[in-house]
Each structure stands twice: as C-alpha cells, then as structure tokens.
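A.B. asks: Coordinates only, no sequence provided:
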C-alpha cells in the first residue's frame, strides 16, 4: 500500500494493545473518561488486541484496518 501522505510504500503489520477488559477503543477527543468510546477490537484469550494496518516510516503515518 502507498502512503496517502507522501506516496511511498508502507510496511504491513499489526498494532498490539494489551487490555484484558476493554479491548481497543476509539474516541474523538483525548479524555481520561471512558464515556463515548467506541469499541474497535476485543481482546483474545491472552488479553491482546491486534489491529492490522500499514505504517510509513518516513512521514510516520499509520493506516489501520479494524
């Protein structure tokens, strides 16, 4: 996949989050409160969440599939 910002080839991989309870969540704004968050991925049996995506090492852009 080409980077949407700079056009260079992106690396395929995964982001791993460790969360035994909530999994990976999306929020529109930074907040310490958990109100209004949308779940993106549930943890597996070991408590890990994996989100597939691509990263550009040059411009530090990440595109995540969920």
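C.D. replies: That came through fine. This one's a predicted model, so the numbers in the text were calculated from it and none came from an experiment. Numbers count the residues shown, from 1 in each chain.

A.B. asks: Give me the pLDDT for residue 50.
C.D. replies: pLDDT recorded at residue 50 is 90.

A.B. asks: Residue 33 versus that one, what's the distance?
C.D. replies: 26 Å (CB to CB, to the nearest Å). Every C-beta, even on glycine, is put in place using the N, C-alpha and C of the backbone.

A.B. asks: okay, the two: which has more neighbours?
C.D. replies: residue 50 (14 against 7; other CB atoms under 10 Å).

A.B. asks: Now for that one: which residues touch it?
C.D. replies: Residues in contact with residue 50 (CB atoms under 8 Å, 6 or more residues apart in numbering) are 14, 15, 16, 41, 44.

A.B. asks: Apply 6 Å and report the result again.
C.D. replies: Residue 50 sits next to 14, 16 when contact means CB atoms under 6 Å, 6 or more residues apart in numbering.

A.B. asks: ok, and for the lowest-mean-pLDDT helix or strand in the chain, which residues are buried?
C.D. replies: Across the helices and strands of the chain, mean confidence by mean pLDDT, DSSP states H and E is lowest for strand 24-26: a mean of 81. By neighbour count on 16 or more other CB atoms under 10 Å, the buried set for strand 24-26 is residue 24.

A.B. asks: same check, this time on stretch 10-17
C.D. replies: 10, 17.

A.B. asks: Any chance you could list what contacts that stretch?
C.D. replies: 1, 3, 24, 48, 49, 50, 51, 52, 54, 55, 56.

A.B. asks: Please pick the buried ones from those.
C.D. replies: Buried subset of these (neighbour count, 16+ other CB under 10 Å): 3, 24, 49, 51, 54, 55, 56.

A.B. asks: Adding secondary structure, write those out as JSON lines.
C.D. replies: JSON lines is the format used below for those (DSSP: H, G, I helix; E, B strand; the rest coil):
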{"residue": "3", "secondary structure": "coil"}
{"residue": "24", "secondary structure": "strand"}
{"residue": "49", "secondary structure": "strand"}
{"residue": "51", "secondary structure": "strand"}
{"residue": "54", "secondary structure": "strand"}
{"residue": "55", "secondary structure": "strand"}
{"residue": "56", "secondary structure": "coil"}
